[in-house]
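Colleague: using only what follows, build the 3D model:
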Amino acid sequence: MEPSNFPRKRFFSLPVDSVGKATEFRPLSISSPQMLAFHLAWLSLFSCFFSTFSIPPLLPVIRRDLHLTNTDVGTAGIAAFIGSIFSRVFMGPVCDLLGPRVASSTLSFLTAPVVLATAFVSSPTSFIVVRFLLGFCLANFVANQFWMSCMFSSNIVGLANGVAAGWANVGAGVAQLVMPSLFSLVNSLNVPESRAWRIIFVVPAIFQVVTAILVLAYGQDLPSGNFRDRQQPSHKLQKENFATVFFHGLLNYRGWILALAYGFSFGVEMTTDNIIAVYFYDRFGVSLEVAGTIAACFGMANLFSRPIGGIFSDKMAERFGMRGRLWGLWAVQTAAGVLCVVLGRVNSLWGSVAVMCLFSVFVQAASGLTFGVVPFVSQRSLGMIAGMTGSGGTVGAVVNQMLFFSGDKFSKQTGISLMGVTMIACTLPVTSIYFPQWGGMFCFPSFDPSTAREDDYSLLGWE
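Modeller: Numbering: from 1, shown residues only. The predicted model follows:
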């Protein structure tokens, strides 16, 4: 995936390894290319999360204006997640072939008009269609994680992935806080409710376009330059076409298990982002602004919780290798499932807020731990594995939304608890992941270099 003639270390302001990847992570730096790529990656994805989750905090108003039923709202939530599933799968190979910079900026440009089109919905059907198309924004996550894996060495890739995705996911929380405030501001200027909520969607649309321009203008795919500037690669893995990259990743069982785990960490997080404001609004009778503020606490915990997951993954790897990464993922995600069960059982407002905040830390840290493992599954199809795992997150969100929060089959509090039970069960397959080089949770390595196959290698195998 990377050219053989990397620049010498002296050309970088950060310490780098033999292929030019940074071995230190300095989030307050904007040094090019590694840290500049980091800031562009998280900011671009932040804008996409802001756009996608700008609708849920306004649902009480939109619901009245468009005369939406509970079924309409649930279907729209499912549609948003379905839109993200297929776009994430195909975003992986696109990154493998064109690079994360072009993939990220192009997606943002293409989906910005959809964000603006939200202002013109007039029926339940058009609302569902717009939410489906908005889900495509979240495919930017694959480019975000792919970019970090290209720029940062194996000793800190978990941290880099965790912080880049964690800071970006804060966009969902900021949307929960900002959009109701913007609505109240516009509404206070004697603009009718039915028009006020529509006007404010110009904000996320413009924000997304600006970040896309920044990525395209200032970003760099690799430590050595952009994908289009690479010299003819010498390694045969770099000559493969879209179909080869796609199917190589698709047939890697570790990718499927990580996709399932991510479906019940990030998928649960997205489902919670989608329903938590309405949950507090309906169950505890708080105002729209208060419900949005409480929901914002859940999303904004990503500022530190997902990075903590990445740090924990790297620290466990320092002490126990890949087995440590896997044990850490299983333990943290299982604890998050238990907290999710408890959240649905708490009957007081402040008790629910407290459990929700603790739950947010664990479920988001579990997402960071998952992507502490992803970069080591396959170098040949890194983008595909990232896309599969990322799509697993949205598949999980769809499953949770359909099973527990569509229609009136379950109350929201019961749905939340059942989602926690499912989360615990779907984390168990992590115990079956095995790497010949490093072993698994219950098995030691059995790697013999003389019998190694190419699909056994990971990032470490090439560094």
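
Colleague: report the contact partners of Phe207.
Modeller: Contacts here follow C-beta atoms under 8 Å, 6 or more residues apart in numbering; on that basis Phe207 touches 47, 50-51. Where you see a C-beta, it was placed from the backbone N, CA and C, and this is true even at glycine.

Colleague: for whichever strand or helix holds it, the distance to its chain's centre please.
Modeller: Using DSSP states H and E, Phe207 falls within helix 202-218. Distance of helix 202-218 from its chain centroid, counting by C-alpha atoms, centre = their mean, to the nearest Å, is 19 Å.

Colleague: then whichever helix or strand comes after it to CSV, C-alphas only?
Modeller: Downstream of helix 202-218, the next assigned helix or strand under DSSP H and E is helix 242-250. This file holds the C-alpha atoms of helix 242-250, laid out as CSV (Å, rounded to 0.1, in the frame of the first residue of the first chain):
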residue,chain,number,x,y,z
PHE,A,242,-10.5,-3.5,-6.7
ALA,A,243,-12.0,-7.0,-6.8
THR,A,244,-8.9,-8.7,-5.4
VAL,A,245,-8.6,-6.2,-2.5
PHE,A,246,-12.4,-6.5,-1.9
PHE,A,247,-12.6,-10.3,-1.8
HIS,A,248,-9.4,-10.8,0.1
GLY,A,249,-10.8,-8.7,3.0
LEU,A,250,-14.3,-10.2,2.6
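
Colleague: helix 242-250 packs against which elements?
Modeller: helix 70-98, helix 382-404 (3 or more C-beta pairs under 8 Å, 6 or more residues apart in numbering; DSSP states H and E).

Colleague: in the next helix or strand after the longest one, what's buried?
Modeller: When you say that, I think you mean helix 70-98. Counting by DSSP H and E, the next helix or strand C-terminal to helix 70-98 is helix 100-117. Within helix 100-117, the residues that qualify as buried are 100-108, 111-112, 114-117, counting by 16 or more other C-beta atoms under 10 Å.

Colleague: which one of the residues you listed is nearest Thr431?
Modeller: Pro100 (31.7 Å; C-beta to C-beta).

Colleague: is it true that the closest one touches Leu40?
Modeller: No. Proximity of Pro100 to Leu40 does not meet the contact threshold set by C-beta atoms under 8 Å, at 9.7 Å.

Colleague: find residues that contact each of these two.
Modeller: Gly219.

Colleague: nearest residue to the residue most central in space within the chain in space, ignoring adjacent ones along the chain?
Modeller: Geometric centre of the chain, nearest residue: Phe141, 5.1 Å, by C-alpha atoms, centre = their mean. Nearest residue to Phe141, sequence neighbours excluded (C-beta to C-beta, 6 or more residues apart in numbering): Gly390, at 5.1 Å.

Colleague: how near is that neighbour to Asn144?
Modeller: For Gly390, the distance to Asn144 equals 9 Å [C-beta to C-beta, to the nearest Å].

Colleague: low-confidence ranges in the protein?
Modeller: Counting by pLDDT under 70, the chain has low-confidence residues at 1-11, 230-242, 245, 447-463.

Colleague: select the longest helix from it.
Modeller: Assignment by DSSP state H gives helix 157-187 as the longest helix of the chain.

Colleague: next structured bit after that helix?
Modeller: As assigned by DSSP H and E, the chain's next helix or strand after helix 157-187 is helix 193-199.

Colleague: ok so, going back, the helices and strands packed on helix 242-250 into JSON lines, with extra columns for mean neighbour count and distance to Leu349?
Modeller: As requested, those are arranged in JSON lines below (neighbours: other C-beta atoms under 10 Å; distance: least, C-beta to C-beta, whole Å):
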{"stretch": "helix 70-98", "mean neighbour count": "23", "distance to Leu349": "22"}
{"stretch": "helix 382-404", "mean neighbour count": "27", "distance to Leu349": "21"}
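
Colleague: how about these in CSV, adding distance to Gly171?
Modeller: CSV is the format used below for the helices and strands packed on helix 242-250 (distance: least, C-beta to C-beta, whole Å):
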stretch, distance to Gly171
helix 70-98, 14
helix 382-404, 15
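
Colleague: of these, which approaches Lys21 most closely?
Modeller: It's helix 382-404; of the helices and strands packed on helix 242-250, that one is closest to Lys21 (C-beta to C-beta) at 12.8 Å.

Colleague: what strand or helix carries the nearest residue to Asn400 once chain neighbours are set aside?
Modeller: Distance criterion C-beta to C-beta, 6+ apart; nearest residue to Asn400, sequence neighbours excluded, is Thr271 at 4.2 Å. Assessed by DSSP H and E, Thr271 sits inside helix 266-284.
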